[in-house]
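**Q** 3D, please:
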Amino acid sequence: MGKDTNVSLMIWDIAGQPQFYMLHRPYFNGAERMMLIYDVTRSSSFSNVNNWYSTAVKYGLSGIPRILVGIKNSSKEERRIPLSQAKRLSKELNAPFFETSTFKRETTHDIFLKMAELTLLSKF
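**A** Below you'll find the model as predicted:
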């Protein structure tokens, strides 16, 4: 598992809005990893993380590795989700935690590296 290892990731955005719930089952089928993403400026998206995780568990994905990601963290004045609350949820979900924004390419890179690492570790 060196730095020259290639990992291909196929990413599906299942959309958390109710009008897309009917699509969950086919997208969850065969999933091996999970990113739970919320907007740090929207309390409702953070509140939905547990619902999204519960839905994934309902479809048999409780044992797969997962990552919790807060987006839009560059909007300090608009932040609604305290970092401590997000870290607590990360521990509850047993999920590595990241925050990022479109302005922080290196953080986004780290998120995908972590996902690749989880993929490689599960193969051994």
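**Q** What is the least confident helix or strand in the chain?
**A** helix 24-28 (a mean of 77; mean pLDDT, DSSP states H and E).
**Q** what's the first-to-last distance across stretch 10-28?
**A** Length of stretch 10-28, first residue to last, C-alpha to C-alpha, to the nearest Å: 12 Å.
**Q** what does that stretch contact?
**A** Applying C-beta atoms under 8 Å, 6 or more residues apart in numbering, the external contacts of stretch 10-28 come out as 31, 35, 45, 48, 51-52, 55-56, 59-61. Any C-beta I mention is one placed from the backbone N, CA and C, and that applies to glycine too.
**Q** swap in stretch 61-69?
**A** Residues outside stretch 61-69 that contact it (C-beta under 8 Å, 6+ apart): 28, 31-38, 49, 53, 56, 86, 89-90, 93-100, 111, 114-115, 118, 121-122.
**Q** Check stretch 41-58 too.
**A** Contacts of stretch 41-58 (C-beta under 8 Å, 6+ apart): 16, 21, 24, 28, 31, 34, 36, 38-40, 62, 66, 68, 70, 72, 75, 78-81, 85-86, 89, 93.
**Q** Check stretch 78-93 too.
**A** For stretch 78-93, contacts defined as C-beta under 8 Å, 6+ apart pick out 36, 38, 40-43, 46, 49-50, 53, 66, 68, 70, 72-73, 96-97, 99.
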